[in-house]
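[1] Could you work out the structure for the sequence below:
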Amino acid sequence: MNTKNTRSLDTETARLTLRRFTPDDAPFVLRLLNEPSFHEFIGDRGVRTLEDAVRYLEQGPMASYASYGHGLLRVSLPDDTPIGMCGLLRRSGLAHPDLGFALIPEHWGRGYTLEASRAAITYGRETLQIDTLLAITSPHNLRSMRVLEKLGFRLVEQRAITEGAAPVNVFQLDAS
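    Residues are numbered from 1 along each chain as shown. As a prediction, the model looks like this:
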């Protein structure tokens, strides 16, 4: 896969642009985080207003860029239409960074998640020198599990990553 500007978080693939979120992305984030599929497979983040969405971006992805040099990125088509998010996260309940992704449903089934994930993995490997990546899914999220398997992740365990939370599938991708 060709990526542009591998020293930066922002990158382009054959069909997508991945870039850092800004507060201006709040309207799209409000929509994405309130999709029924997001609530079912990822969880309800309590984002109900544009102000909530700005706060989510500032305290989540944007804070992650500053702290870790990576985070969730806005995924868009060449015409700048946002379709989702994808990137590397750092969670306190996991020993290694993990890959996260979510697209609005009308863009499922076109290979965009796979393409964006490959770009995020390449950035993690080549720029951040990350050897081990994790990914988590709810146990019933078959679509995401298929994407992870295509990327080479393998299921290593099922457990709660925070106290009192429901168990999730934990997948691992080692450098090879």
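[2] Tell me the confidence at the residue nearest to residue 65 when sequence neighbours are not counted?
    Spatial nearest neighbour of residue 65, excluding adjacent residues (Cβ to Cβ, 6 or more residues apart in numbering): residue 71 at 4.9 Å. No exception for glycine: its C-beta is placed from N, CA and C like everyone else's. For residue 71, the model assigns a pLDDT of 96.
[3] any idea how far residue 71 is from residue 35?
    Here residue 71 is placed at a distance of 20 Å from residue 35 (Cβ to Cβ, to the nearest Å).
[4] Next: residue 66.
    For residue 66, the distance to residue 35 (Cβ to Cβ) stands at 27 Å.
[5] These two - which one has more neighbours?
    For residue 66 and residue 35, the more surrounded residue by other Cβ atoms under 10 Å is residue 35, and the numbers stand at 16 against 8.
[6] Over to the more buried one: give its phi and psi.
    As for residue 35, its main-chain torsions (degrees, to the nearest 10) stand at phi -70, psi 140.
[7] Repeat that for residue 45.
    Dihedral pair for residue 45: phi -90, psi 0, per degrees, to the nearest 10.
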